[in-house]
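**Student:** based on what follows, work out the 3D shape:
(chains A and B)
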Amino acid sequence: MNDYIDELMNDYIDNSLSTEKINELNKILEKNENELKKLKALRFVDEVLKNLEVYSAPEDITEKVMKLISEKSNAIKRSVNKFMVSVFSFLTFVLFAICLVVLWIVVKESSSINLSNELNDFLKKGISFVNNHMNNNLFLIITSSMTLIIISALYFIIESHKEFKNKLKDIS
Amino acid sequence: MKNLTDIEIIESVKKGNTADFSLIIKRYKDRAFNLLKRLLKNEMDAEEALQDSFLKAFNSLNSFRYDSQFSTWFYKIVYNTGLTKLSSKKRKIEQEMTSIDEHFDLADYDNEIYSSTENPKEYILKMIDKLPVRNALVLILFYVDGLSINEISNVLGTSLVNTKVMLHRSRNALRDLLLKHNFQEELL
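**Tutor:** Numbers count the residues shown, from 1 in each chain, chains lettered A, B, ... in the order given. Down below sits the predicted model:
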């Protein structure tokens, strides 16, 4: 019975008691002064709890957390950028190699094509010029080295640009 | 910006406006710190756990499914981070996390606290800190954070009935202490 009355009182404090149950509680309280004391004490506990002191978080917590978040997202962005640049460089290199192979095939096959007008003659001359140089190992080495140097330079330019942008963001 | 709802802020953060997360931090830092300090009973641990909680929340924002209030979802992270911190400190977690079926006894602290307090309010405030951790957390979440019984049960991972029982038992325990020391004379 005590547990039941306790529950009624707690529900009453929380305003979750039906009118019927409130009447039931009132009848109990009228008959028993001890229960009335209990309800008053419970109400006092409820009031104290409603005015509980809230501990304040350290003032700099927002800055600390935002700094950690910023550091982490920058690290993720950098790793993603490096990965993207590597993929981009590799794809450029592959594309360049494919172009060379296609050009080589075209040049090989062009000798069998019958070209009738002047433009075609000009193209044929150009192709044969490239063909002659393609057979030259020194030319191929120089071209490949130049390509590698250009790709590497592009990579470093992009990276330094990204780092500079990140620094600007950090400053702001 | 201060009038934005939690969901609006989260949407903005998800779109890439990371700085807006500071609004969430400002909104919840005190209440979360309050919870962690009650749980860990140590300011430094509470601050560390608070930072971890916000970082976890930020990193998991994409997993927030909008099927519950952001506050409930966030308090769950705070509570679990606090528990992890507590267990990493190798404290007597079993003793702290008294099961709902067990009755707790505040008598060990009662005499000491009673003799050092001057009024019932001060006495109750001191005794709240002596409640088993989960019981104290239920009171904090209910009264300070304004969470419903349903939301508290989600945060603590307890059933609705058990959460309600914990709330009632905690209040009744404090009430009984007031009656034991005849504080009711001052209340009436």
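**Student:** not counting its own residues, what contacts stretch A:133-140?
**Tutor:** With contact meaning CB atoms under 8 Å, 6 or more residues apart in numbering or on different chains, stretch A:133-140 is reached by A:Leu103, A:Trp104, A:Val107. Every residue, glycine included, has its C-beta placed from N, CA and C.
**Student:** what residues sit buried inside stretch B:147-165?
**Tutor:** Residues B:147, B:149, B:151-156, B:158, B:162-165 are the ones in stretch B:147-165 that count as buried (16 or more other CB atoms under 10 Å in any protein chain shown).
**Student:** do the same with stretch A:6-23
**Tutor:** Buried residues in stretch A:6-23, counting neighbours by 16+ other CB under 10 Å, are found at A:Asp6, A:Glu7, A:Leu8, A:Met9, A:Asn10, A:Asp11, A:Tyr12, A:Ile13, A:Leu17.
**Student:** can you tell me which of these is nearest chain B?
**Tutor:** Chain B has its nearest neighbour among these in A:Asn10, at 4.3 Å by CB to the nearest CB.
**Student:** so that closest one touches B:Ala173, yeah?
**Tutor:** No. Using CB atoms under 8 Å, A:Asn10 is not in contact with B:Ala173; the gap is 11.9 Å.
**Student:** just the pLDDT for residue 115.
**Tutor:** Since no chain was named, I'll use chain A. Looking at A:Leu115, its pLDDT is 49.
**Student:** could you do chain B instead?
**Tutor:** The model reports B:Ser115 with a pLDDT of 78.
**Student:** and what of A:Arg43?
**Tutor:** On the pLDDT scale, A:Arg43 gets 92.
**Student:** same check on the one 10 residues further on?
**Tutor:** You'll see A:Glu53 listed with a pLDDT of 83.
**Student:** could you give the number of residues near it?
**Tutor:** The number of residues packed near A:Glu53 is 8, by other CB atoms under 10 Å in any protein chain shown.
**Student:** go on, the one 4 residues further on?
**Tutor:** Burial measure for A:Ala57: 23 neighbouring residues, criterion other CB under 10 Å.
**Student:** again with B:Leu174
**Tutor:** Neighbour count of B:Leu174, defined by other CB under 10 Å: 26.
**Student:** these two touch, right, it and B:Ile124?
**Tutor:** Yes. Between B:Leu174 and B:Ile124 a contact is recorded at 5.6 Å, counting by CB under 8 Å.
**Student:** now list whatever residues contact both of these two.
**Tutor:** Contacts common to B:Leu174 and B:Ile124, judged by CB under 8 Å, 6+ apart, are A:Val45.
**Student:** JSON lines for the contacts of stretch A:133-140, including pLDDT and secondary structure?
**Tutor:** Output for the contacts of stretch A:133-140, formatted as JSON lines (pLDDT from 0 to 100; DSSP: H, G, I helix; E, B strand; the rest coil):
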{"residue": "A:Leu103", "pLDDT": "79", "secondary structure": "helix"}
{"residue": "A:Trp104", "pLDDT": "77", "secondary structure": "helix"}
{"residue": "A:Val107", "pLDDT": "71", "secondary structure": "helix"}
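**Student:** tell me the most packed of those, by neighbour count.
**Tutor:** Ranked by the number of neighbours (other CB under 10 Å), these place A:Val107 first, at 19 neighbours.
**Student:** right, and it touches A:Lys125 too?
**Tutor:** No. Using CB under 8 Å, A:Val107 makes no contact with A:Lys125, being 12.0 Å away.
**Student:** coming back round to it: so which of the buried residues of stretch A:6-23 are also by chain B?
**Tutor:** A:Asp6, A:Glu7, A:Asn10, A:Ile13 (CB under 8 Å from any CB of the partner chain).
**Student:** list the residues that contact the third one.
**Tutor:** In this case it means A:Asn10. Contact partners of A:Asn10, counting by CB under 8 Å, 6+ apart, are A:Leu42, B:Leu167, B:His168, B:Arg171, B:Asn172.
**Student:** which stretches of chain B have low pLDDT?
**Tutor:** Residues of chain B that meet the criterion pLDDT under 70 lie in B:1-2, B:90-104, B:184-188.
**Student:** appreciated, that's everything.
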